[in-house]
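# Predicted structure and sequence below. I'll ask about it afterward.
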Amino acid sequence: MANKTVEITNETGLHTRPGNEFVSLAKTFSSQIEVENEAGKKVKGTSLLKLLSLGIKKGSKVTVHAEGEDAEQAVEQLANILENLKD
């Protein structure tokens, strides 16, 4: 199991375009991916609707969790997307 917490710095937070990028990348890993918001709500990282339901805004801290053989790689790459969100 691997995990990493990142703070969202993008003014618009996580929205559809970067969310879709996140989900598309998450689906390439064999590990099970979950994203958790500050309130403790966890959703599958392979579902755009569930990911958007977390309401990730600027200043939010989210944790990417992965369990499986490529968990470390998955967490690093997916956390990187969240850290570098673009409008």
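Thanks, I have it.

# Any stretches of this structure with poor pLDDT?
Applying pLDDT under 70 to the chain flags residues 87.

# Would you mark the buried spots in the longest helix along the chain?
Determined from DSSP state H, the single longest helix within the chain is helix 71-83. Within helix 71-83, the residues that count as buried by 16 or more other Cβ atoms under 10 Å are 71, 74-75, 77-79, 81-82. Glycine gets a C-beta too; all of them are placed from N, C-alpha and C.

# pretty sure Gln32 is in contact with Glu67, am I right?
Yes: counting by Cβ atoms under 8 Å, Glu67 is a contact partner of Gln32 at 5.0 Å.

# Please say which of those two ends up with more neighbours.
Remark: of Gln32 and Glu67, Gln32 carries more neighbours, 16 against 13, as counted by other Cβ atoms under 10 Å.

# which ones are touching the more buried one?
Contacts for Gln32 (Cβ atoms under 8 Å, 6 or more residues apart in numbering) come out as 44, 66-68.

# From the centre of this protein, point out the most distant residue.
Glu69 (18.2 Å; Cα atoms, centre = their mean).

# Against Lys86, how distant is the closest residue in space to it that isn't next to it in sequence?
Spatial nearest neighbour of Glu69, chain neighbours left out: Ser30 (6.0 Å); criterion: Cβ to Cβ, 6 or more residues apart in numbering. Using Cβ to Cβ, to the nearest Å, one gets 27 Å for the distance from Ser30 to Lys86.

# pretty sure Glu38 belongs to a strand, no?
No: counting by DSSP: H, G, I helix; E, B strand; the rest coil, Glu38 is located in no strand; its state is coil.

# How many neighbouring residues does the closest residue to Gly55 other than its chain neighbours have?
What sits nearest to Gly55 in space, not counting adjacent residues and going by Cβ to Cβ, 6+ apart, is Asn37, at 7.1 Å. Close neighbours of Asn37, defined as other Cβ under 10 Å, add up to 17.
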